[in-house]
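structural data only, the sequence is not supplied:
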């Protein structure tokens with residue numbers, strides 16, 4: 001008899017708690033092999049193809065394309081095992097082993113919550129007491145036809161209603177931290193995740209409810225506060241304009257766009273940032289780059305980009321000013337200076353703004369940094385960046401000059417301490433060696449966390465970067 005196993009959305013790592021179904025790669029009735037990708041999901045970090053650790057026939061899928069699921073929610077069910085059915089009443093513990101014996105060896109993918117190399121064993125599904133008969137029938141091994149196409153919300157709501165809640169159903173440390181920052185008692189919240197799991201959206205809803213204006217004094221406890229004239233109409237905004245007016249469009253803040261919104265808002269909330277900027281004559285830097293790329297012979301390597309040169313300048317500057325390669329531990333009230341430089345760079349893609357990270361940039365030369373930037377940029381364009389390639393940065397370089405603008409005041413990429421912004425390099429009148437000349441000028445801006453250093457340190461960092469841009473030979477002292 002085939003055994004029906006439920007495959008849940010695994011923990012994709014890097015603190016991610018939910019993912020959006022982008023595209024199903026299998027249909028109900030398809031035969032899947034162990035480790036075969038079955039669904040493509042979009043997390044706050046990247047697009048990921050999720051492999052199934054079971055091999056068999058897909059009997060049900062949970063969630064349509066565009067549905068956002070929390071980690072641990074069911075994705076699909078797979079009927080596995082091809083052994084002959086046993087006679088009624090004779091199946092014992094040994095028969096289960098025979099059923100699974102026909103299953104291939106364990107999954108080779110690392111999925112949190114699923115084994116990778118252990119021999120296959122019979123998996124017993126544990127259901128909360130009082131689970132409804134319809135929900136139990138969907139996953140029962142002997143069911144003739146499982147519930148097909150049931151939505152993830154239905155399955156989750158059944159578990160919340162009928163399951164037994166733990167003391168505080170919270171998995172993500174980010175959710176706990178957010179609740180602590182706003183003095184929320186998690187025990188008073190009802191989670192919308194599976195088995196009552198409290199999600200970030202639940203905490204944010206409670207925060208909004210706590211900060212909304214209280215009801216009028218003397219009103220009945222169950223009575224809703226009287227709406228003001230500006231908010232009487234459904235969907236009215238604080239400015240008085242209705243968000244449901246003809247032509248208005250509501251765009252969900254989720255996926256990459258939602259992650260960017262959350263991170264930028266958190267940066268503005270937590271980091272007391274300041275910005276300083278300076279114009280620099282980049283004529284010599286551009287001439288040095290042209291000389292590098294024009295060199296021929298067997299020793300000539302790939303062409304070096306301006307961004308790679310600026311990244312190498314940043315690593316040299318961070319070696320002189322390590323205060324800016326740090327983060328702040330709010331709970332411990334400590335500044336943590338980081339020994340390695342993992343350099344992030346902003347890249348605009350069709351999916352939105354992403355910040356790939358060049359690992360160990362402090363150990364690389366300009367050529368190596370340029371090659372890694374090119375590889376990560378191509379992966380960003382094709383949507384194949386992994387979560388690990390989008391996290392762990394310690395300093396960010398933002399080349400907004402590609403958009404044809406001169407200056408900006410970047411927002412620090414939380415939890416980093418600083419970001420260098422680079423404008424376009426354009427010919428401008430400039431006093432050079434006492435004479436007015438047309439030079440190639442760039443504006444550099446540094447936004448930094450004022451908790452990690454004072455203006456003197458930030459100014460020294462930016463001045464050193466500008467000196468290297470104006471006189472690339474300055475770098476030779478640190479090579």
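Received, thanks. No experiment lies behind these values; they were computed from the predicted model shown. Numbering: from 1, shown residues only.

tell me the buried residues in the longest strand seen in the chain?
Across the chain, the strand with the greatest residue count (assigned by DSSP state E) is strand 435-449. Going by neighbour count (16 or more other CB atoms under 10 Å), the buried part of strand 435-449 is 439, 440, 441, 442, 443, 444, 445, 446, 447, 448, 449. C-beta coordinates here come from the backbone N, C-alpha and C atoms, glycine included.

what packs against it?
In terms of contacts (3 or more CB pairs under 8 Å, 6 or more residues apart in numbering; DSSP states H and E), strand 435-449 is packed against strand 273-281, helix 283-294, strand 418-422, strand 426-432, helix 455-470.

including distance to residue 6 and pLDDT, could the buried residues of strand 435-449 go into a markdown table?
Output for those, formatted as a markdown table (distance: CB to CB, whole Å; pLDDT from 0 to 100):
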| residue | distance to residue 6 | pLDDT |
| --- | --- | --- |
| 439 | 66 | 97 |
| 440 | 61 | 96 |
| 441 | 61 | 97 |
| 442 | 56 | 97 |
| 443 | 56 | 97 |
| 444 | 54 | 97 |
| 445 | 51 | 96 |
| 446 | 51 | 96 |
| 447 | 47 | 96 |
| 448 | 49 | 97 |
| 449 | 45 | 97 |
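
which one of the residues you listed is nearest residue 306?
residue 442 (9.2 Å; CB to CB).

look up how far residue 400 lies from the closest one.
According to CB to CB, to the nearest Å, residue 442 and residue 400 sit 11 Å apart.

just for the stretch 51-200 of the chain, where's the confidence low?
82-174, 177, 194-195 (pLDDT under 70).

make it 50
The stretch 51-200 of the chain contains residues with pLDDT under 50 at 83-106, 108-110, 112-167.

partners of the helix or strand harbouring residue 77, with directions?
Per DSSP states H and E: residue 77 is located in strand 74-80. Sheet pairing for strand 74-80, assigned by DSSP bridges, gives strand 3-8 (antiparallel), strand 56-61 (antiparallel).

quick one: closest of these to residue 465.
Judging the strands paired with strand 74-80 by CB to CB, what sits closest to residue 465 is strand 3-8, at 47.9 Å.

ok, back up a step: ok, the buried residues of strand 435-449 vs residue 324, which is closest?
Looking across these and measuring by CB to CB, the closest to residue 324 is residue 448, at 6.2 Å.

show me what contacts that closest one?
273, 274, 275, 324, 412, 417, 418, 419, 458 (CB atoms under 8 Å, 6 or more residues apart in numbering).

now the last one, nearest residue through space, not along the chain?
Looking back up the chat, that one is residue 458. In space, and not counting its chain neighbours, residue 458 is closest to residue 448: 4.7 Å by CB to CB, 6 or more residues apart in numbering.

got the residue ranges for the helices in this structure?
93-101, 133-139, 152-162, 173-181, 200-211, 255-270, 283-294, 306-320, 366-382, 455-470 (DSSP state H).

remind me what the longest one packs against, helices and strands.
Applying 3+ CB pairs under 8 Å, 6+ apart, one finds that helix 366-382 contacts helix 306-320, strand 343-345, strand 347-349, strand 357-358.

any idea of the mean pLDDT for the longest one?
Okay, so that is helix 306-320. On average, the pLDDT along helix 306-320 is 95.

distance between that helix and the chain's centre?
Distance of helix 306-320 from the chain centroid (CA atoms, centre = their mean, to the nearest Å) equals 26 Å.

just the shortest one next, same as before
Going by CA atoms, centre = their mean, the spacing between the C-alpha centre of strand 357-358 and its chain's C-alpha centre is 15 Å.

show me what it is packed against.
Counting by 3+ CB pairs under 8 Å, 6+ apart, strand 357-358 packs on strand 343-345, helix 366-382.

picking that back up, need the contacts of residue 448 in JSON lines with pLDDT, can you?
Shown next, in JSON lines, are the contacts of residue 448 (pLDDT from 0 to 100):
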{"residue": "273", "pLDDT": "95"}
{"residue": "274", "pLDDT": "95"}
{"residue": "275", "pLDDT": "95"}
{"residue": "324", "pLDDT": "97"}
{"residue": "412", "pLDDT": "94"}
{"residue": "417", "pLDDT": "96"}
{"residue": "418", "pLDDT": "97"}
{"residue": "419", "pLDDT": "96"}
{"residue": "458", "pLDDT": "96"}
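
adding distance to residue 405 and neighbour count, write the residues you listed out as JSON lines.
Listed next are the contacts of residue 448 as JSON lines, based on distance: CB to CB, whole Å; neighbours: other CB atoms under 10 Å:
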{"residue": "273", "distance to residue 405": "19", "neighbour count": "19"}
{"residue": "274", "distance to residue 405": "21", "neighbour count": "16"}
{"residue": "275", "distance to residue 405": "15", "neighbour count": "18"}
{"residue": "324", "distance to residue 405": "24", "neighbour count": "27"}
{"residue": "412", "distance to residue 405": "19", "neighbour count": "23"}
{"residue": "417", "distance to residue 405": "24", "neighbour count": "29"}
{"residue": "418", "distance to residue 405": "20", "neighbour count": "28"}
{"residue": "419", "distance to residue 405": "16", "neighbour count": "28"}
{"residue": "458", "distance to residue 405": "22", "neighbour count": "24"}
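
most tightly packed of the helices and strands packed on helix 366-382?
Sort these by mean neighbour count, taking mean count of other CB atoms under 10 Å, and strand 343-345 sits at the top with a mean of 26.

can you list the strands that that strand pairs with?
strand 357-358 (antiparallel), strand 395-399 (parallel).

out of those strands, the one nearest residue 305 is which?
Smallest distance to residue 305 across the strands paired with strand 343-345 (CB to CB): 9.6 Å, for strand 395-399.

quick one: the closest one to strand 418-422, angle?
Per axes from the mean of the first three to the mean of the last three CA atoms, to 10 degrees, the angle that strand 395-399 makes with strand 418-422 is 20 degrees.

check the offset of strand 395-399 from the chain's centre.
Computed by CA atoms, centre = their mean, the chain-centroid distance of strand 395-399 equals 18 Å.

I'd like the mean pLDDT over that strand, please.
95.

same check, this time on stretch 466-475
92.

stretch 365-382 too?
So the average pLDDT for stretch 365-382 ends up being 92.

about what we covered before: got the helices and strands packed on strand 357-358 as CSV, with distance to residue 355 columns?
Listed next are these as CSV, based on distance: least, CB to CB, whole Å:
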stretch, distance to residue 355
strand 343-345, 4
helix 366-382, 9
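
and among these, the most buried is which?
strand 343-345 (a mean of 26).

kind regards, and thank you for your time.
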